[in-house]
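> whatever this is, show me its structure:
(chains A and B)
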Amino acid sequence: MKNERANRRMMTRLSIFAVAMFGFGFALVPFYEKICEVTGINNLIKPAAEVVNTQVDKSRWVTMEFDANAHGLDWDFKPVQRSVRVHPGEMIQVEFDVRNNGSTAIVGQAIPSYGPKHAAPYVKKMECFCFKQQPLQVGEGKRMPVQFILDSTLPADVNTITLSYTFFEVKGAPVAQAKSGGKG
Amino acid sequence: MEAAHAHTPGYGHDDHDAHKPSGIKRWVMSTNHKDIGTMYLWFSFSMFLVGGVMALIIRSELFQPGLQIVQPDFFNSMITYHGLIMVFGAIMPAFVGFANWLIPMQVGAPDMAFPRMNNLSFWLLPPAALLLIVAQFMPGGGAGVGWTLYAPLSTQAGPAMDLTIFAIHILGMSSIMGSINIITTILNMRAPGMTLMKMPLFCWTWLITAYLLVAVMPVLAGAVTMTLTDRHFGTHFFNAAGGGDPVLYQHIFWFFGHPEVYIIAIPAFGVVSQVIPAFSRKPLFGYASMVYATASIAILSFMVWAHHMYTAGMPVEAQLYFMYATVLIAVPTGVKVFNWVATMWRGSLTFETPMLFALGFLFLFTLGGFTGLVLSIVPVDVQLHDTYYVVAHFHYVMVAGALFSAFAGIYFWLPKWTGRMYNETLGKWHFWLSLIFFNVTFFVQHFLGLAGMPRRIPDYALQFAEFNAISSIGAWGFGLAQLLFLYIVIKTITSGEKAPEKPWEGADSLEWTHLPTPAPWHSFETPPVVK
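As a prediction, this is how the structure comes out:
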């Protein structure tokens, strides 16, 4: 029947469309990452591209507080300094200590988070242990630096910024490289 | 015409020349669009009761502040499965049931384009429903992640989450197959002379809905597949530690989720667009503009998803775009509401139960649409996000919108389907009880939301106690009123009065004008000629 052939053709077309839309769902992943990269949203664990305002604003003090957590990991993780007072525009380096107290070697990834949230784009990290995965053998410990500049366009009402890191386990990452890695 | 229809009491719509298999085989192996439509509707109603019981557990717990009846984990699970079951188990299958019953008759086709696939799309539903129900009994209980299944909660939830994901996969397959069937039937199987712009609006709304379904159900399937691989196969789509992003899940989900809202609403528009002209005894006002408005709503629905996530963190430019695009949807929706009202203008109105439900839909859906406009405004939404105001908003759209329209449709077509009239007095009782208790339940939730009560919590601060108590009483009333509906339907099927050939004077689509009542098991073996 003529009708039946037309129906089948229609079904094939629509099925292809459905499969393509399934693929489209996955295509949203790189698309989203690209958008975030281009617009600079969510580049928390990538080095700051370029710091425009390098003028040190000596007239202003901002307190940076540091916090460290390990999510579901038997890791000892804490900042060496609890807080520092900084001038916007000044290059600052602080350090964090981490030790694997657990019984297995684990690769961890630290994710930063800021309070207040809208201060995040003004903390320009030049170097951070969160830019890389951190493998730790059993009992291994290390001291890891974070280098940043506070952008001097930081809104005037922000006097204190809390930078908090949380280590998560990266499942399935090879721990074997633990020895060579971890320069952070 | 009438002589051909002798009736044995009992369920069904016997026809003199039907060779249907008897007993359970008739249903399990059915390829008949009417039987499959009936099964969809019964399935939908049973899921409506399951989801309704869950809603009553939620409302009973919220009757008073503090924890009285259930534990928070179980409460969260009820919240999740109430949403999933009502959306995927009750409302969507209900309208697919209408589509199965009506589309072949309304376009003058003998059956759906792919009757066997039709059978498969129905029989995928019970296993999926079973998975959702069995999930409650998994170690750790049901997944208390909310119907949106947001990561990272969903990537960390217990084994019930896996069953839920598989259920979504199956429901998605069922919907996609059903949609392919509907599109093909409408585009390829219309009777001679039945041009697209002559089709009843119900067919138009389903054609558009079916395209939406084929476009977005696979995206949801993709999102839950990513959740599944994140859970078990070491991927990091939504895992921040592995370079993924939980907010990405929200984007993918709502790319499905917003069109999904219209997948539920648009067939409801279709039903109302059949009912209101019939009881106004006038053709639908602005038919062509109705078609274009429906299509514009469908297209716009792909461009507004992020208004569900204003607070997830996005640049203000994006917020503005999504806000303006969302507000824009009010324009075609306004066209539709205007047309419905204009259809009634100077019509010879009568107010039988289907018309009452359609009018209930019109008032309450418009109210729900209006609170939607309020929520689309970014600064307001930031305040109201995840409060009971949102709960009130979408229940006005889902319950008073989609569900009331489904009731209107059931009362409207029940005589056509069964050959028997429902009891008008009881129907009116059902309407008024539903209308009153619906508003008792949900209207006060606007106030709770404005006062800051968050949604999805089993306990709340004391100042919310009175409105919550009122809402819970309303919920029980609304729930019990639906048992009356079940009674009315069963009573109609078993011992309703014989329906006249054309019970509704103003009804003018093919199933009323070209087919006897009740509709024979096979209709239009030779296509009708439409002038």
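> going by C-alpha atoms from here, please, whenever you check contacts or count neighbours.
Noted.
> next, the nearest residue to A:S152 once chain neighbours are set aside: secondary structure please.
Residue nearest to A:S152 in three dimensions, not counting chain neighbours: A:P88, with 4.8 Å by Cα to Cα, 6 or more residues apart in numbering or on different chains. Recorded secondary structure, A:P88: coil (DSSP: H, G, I helix; E, B strand; the rest coil).
> burial of A:P88, as a residue count?
25 (other Cα atoms under 10 Å in any protein chain shown).
> any chance of the backbone angles for it?
A:P88 adopts backbone torsions of phi -60, psi 140, taken as degrees, to the nearest 10.
> separation between it and B:W305?
To B:W305, A:P88 is 38 Å away according to Cα to Cα, to the nearest Å.
> again, but for A:E37
From A:E37 to B:W305 the distance is 21 Å (Cα to Cα).
> if you count surrounding residues, which of those two has more?
B:W305 (23 against 13).
> quick one: contacts for that one?
Residues near B:W305 by Cα atoms under 8 Å, 6 or more residues apart in numbering or on different chains: B:251, B:254-255, B:257-258, B:322.
> what's the answer for A:P174, then?
A:P174 touches A:V107, counting by Cα under 8 Å, 6+ apart.
> could you check the pLDDT of it?
Looking at A:P174, its pLDDT is 72.
> roughly how far does it sit from chain B?
Note on A:P174: its distance to chain B, by Cα to the nearest Cα, to the nearest Å, is 12 Å.
> quick check: B:Y422 touching B:W413?
No - distance between B:Y422 and B:W413: 10.3 Å, which falls outside the contact criterion (Cα atoms under 8 Å).
> tell me the contacts of the closest residue to B:K498 other than its chain neighbours?
Nearest in space to B:K498, with sequence neighbours left out and distances taken as Cα to Cα, 6+ apart, is B:R420 at 4.5 Å. Taking Cα under 8 Å, 6+ apart, we find B:R420 in contact with B:414, B:492-493, B:495-499, B:518.
> could I get the residues you listed in TSV, plus columns for secondary structure, neighbour count and pLDDT?
Formatted as TSV, the contacts of B:R420 follow (DSSP: H, G, I helix; E, B strand; the rest coil; neighbours: other Cα atoms under 10 Å in any protein chain shown; pLDDT from 0 to 100):
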residue	secondary structure	neighbour count	pLDDT
B:L414	helix	19	96
B:T492	helix	22	96
B:I493	helix	23	95
B:S495	helix	15	93
B:G496	coil	19	92
B:E497	strand	15	93
B:K498	strand	16	94
B:A499	coil	17	93
B:P518	coil	28	91
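> separation between B:N188 and chain A?
From B:N188 to chain A the distance is 7 Å (Cα to the nearest Cα).
> please verify my assumption that that residue contacts A:R9.
No - B:N188 is beyond contact range of A:R9, at 10.6 Å (criterion: Cα under 8 Å).
> so these two - more neighbours on which side?
More crowded of B:N188 and A:R9, by other Cα under 10 Å: B:N188, with 16 against 13.
> who are the neighbours in contact with the more buried one?
Counting by Cα under 8 Å, 6+ apart, B:N188 has contacts A:3, A:6-7.
> redo these as TSV? Include secondary structure.
Shown next, in TSV, are these (three-state DSSP):
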residue	secondary structure
A:N3	helix
A:A6	helix
A:N7	helix
